[in-house]
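Asker: output the structure for:
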Amino acid sequence: MANIVENRYGKEGVRLVRVRRSPYNGNTFNEWTVRILIEGDFVSSYTEADNSKVLTTDTMKNTVYYMAQRTSAKSIEDFGKELANYLLEHHSQISAANIDIESKAWSHIVTSNKVRHPTSFVQTSNEVQLTTVKRSRHGSFSIVSGLSGLKVMKTANSSFANFYRDSLTTLPESTDRLFGTAIVALWTYEDGSAIMDFDKTRQQIRSLMIDLFAEHESESVQHTMYDMGKLVLNNVKSISKIHLTLPNLHCLPVDLTRFGEENKNEIFMPIDDPHGYIQCTLTRSSSKASVLSKL
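Answerer: Below is the predicted model:
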């Protein structure tokens, strides 16, 4: 006999654009993509083809738009909390709600005369803001937020030397290499139910990581990402853990000698794949990082 030990279902890819209009401060523009996953008393829909308790995924999509009109939330975290609360309060068969939201980067256009246009916007990068909001019916909120696609590049103060070698190692040591990456950072809030300015916290963490990356005398990706995570934990007390992923986006020096030219460490060929993929998780409760994968 087969037993269902866990199950959940929901709606993926609910896209939402929200405009808040103000004649005084200018409009706001948000582009969000929402995923809802619910858990609860749905076993009979699998084992007995009984749909009487199944909240349709189309209803979940409609709930996103309904709540977007009613909500006063400014951050994706607060919207996720309101959405989870609504689902739990209005549907007794749901035992837990999981809300994932991605937000694209839009900002007001600043015109050539340095004026912030009140109603026009530009997508500033491929960077995406992230959050996962979870709550069980009798539990508190768990919130993991972050960002992805934050592309940065160092053209100095980056090296990689004295690494382990075996019979298959061909990589030369470098004391002056390009270091490019697209940062993915996910941090866990100490108290997901606390009232806070999530957007301000995200901006603080982002600024700390960028500042560290710019000034760091990097001896490896691992070296930089550890100091980056440590700086965040030391300065942002509302989070208990940060998980970093830094792909090493290689730029290889081009051999110009065949053209009668010398490459003065200035001409490179960017390589998408293969590339290094490095992860590290740091918590405040441990004196060391938990390294998940190394290059």
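Asker: biggest helix in this structure, by residue count?
Answerer: helix 198-215 (DSSP state H).
Asker: show me what it is packed up against.
Answerer: Helices and strands touching helix 198-215, as assessed by 3 or more Cβ pairs under 8 Å, 6 or more residues apart in numbering; DSSP states H and E, comprise helix 76-90, strand 142-154, strand 179-189, helix 221-235, strand 239-248. The C-beta positions use only the backbone N, C-alpha and C, and glycine is treated the same way.
Asker: touching, Tyr9 and Ile38? I think so.
Answerer: Yes - at 6.8 Å, Tyr9 counts as touching Ile38 under the criterion of Cβ atoms under 8 Å.
Asker: who's more crowded, these two?
Answerer: Ile38 (24 against 16; other Cβ atoms under 10 Å).
Asker: could you check the angle the helix or strand hosting that one makes with helix 76-90?
Answerer: Assigned by DSSP states H and E, Ile38 belongs to strand 28-40. Angle, strand 28-40 to helix 76-90, by axes from the mean of the first three to the mean of the last three Cα atoms, to 10 degrees: 40 degrees.
Asker: so how far is strand 28-40 off the chain centroid?
Answerer: Chain-centre distance of strand 28-40: 14 Å, with Cα atoms, centre = their mean, to the nearest Å.
Asker: looking at it, Asp255 is touching Asn263, isn't it?
Answerer: Yes - using Cβ under 8 Å, Asp255 makes contact with Asn263 at a distance of 7.0 Å.
Asker: which residues of the stretch 1-150 of the chain fall in helices?
Answerer: 43-47, 57-70, 76-90 (DSSP state H, counting those that start in this stretch).
Asker: and among these, the most buried is which?
Answerer: Stretch with highest mean neighbour count among the helices of the stretch 1-150 of the chain: helix 76-90 (a mean of 21; mean count of other Cβ atoms under 10 Å).
Asker: for it, packing partners?
Answerer: Counting contacts by 3+ Cβ pairs under 8 Å, 6+ apart, helix 76-90 packs against strand 28-40, helix 57-70, strand 94-110, strand 116-136, strand 142-154, helix 198-215.
Asker: list the pairing partners of the fourth one within its sheet, with orientation.
Answerer: The partner list of strand 116-136 in its sheet, established with DSSP bridges, is strand 94-110 (antiparallel), strand 142-154 (antiparallel).
Asker: how distant is the longest one from the center of its chain?
Answerer: Put plainly, it is strand 94-110. Using Cα atoms, centre = their mean, the mean C-alpha position of strand 94-110 is found 10 Å from that of the whole chain.
Asker: buried set for it?
Answerer: 94-106, 108 (16 or more other Cβ atoms under 10 Å).
Asker: one step back: can you put the helices and strands packed on helix 198-215 in CSV and add distance to Ile4?
Answerer: Converted to CSV, the helices and strands packed on helix 198-215 look like this (distance: least, Cβ to Cβ, whole Å):
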stretch, distance to Ile4
helix 76-90, 21
strand 142-154, 24
strand 179-189, 29
helix 221-235, 38
strand 239-248, 30
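Asker: closest to Ser52 out of these?
Answerer: helix 76-90 (16.6 Å; Cβ to Cβ).
Asker: still on that earlier bit, and the contacts of the longest helix of the chain?
Answerer: For helix 198-215, the surrounding residues in contact (Cβ atoms under 8 Å, 6 or more residues apart in numbering) are 74-78, 129, 131, 145, 147, 150, 152, 154, 183, 185, 187, 224, 227-228, 231-232, 235-236, 238-239, 242.
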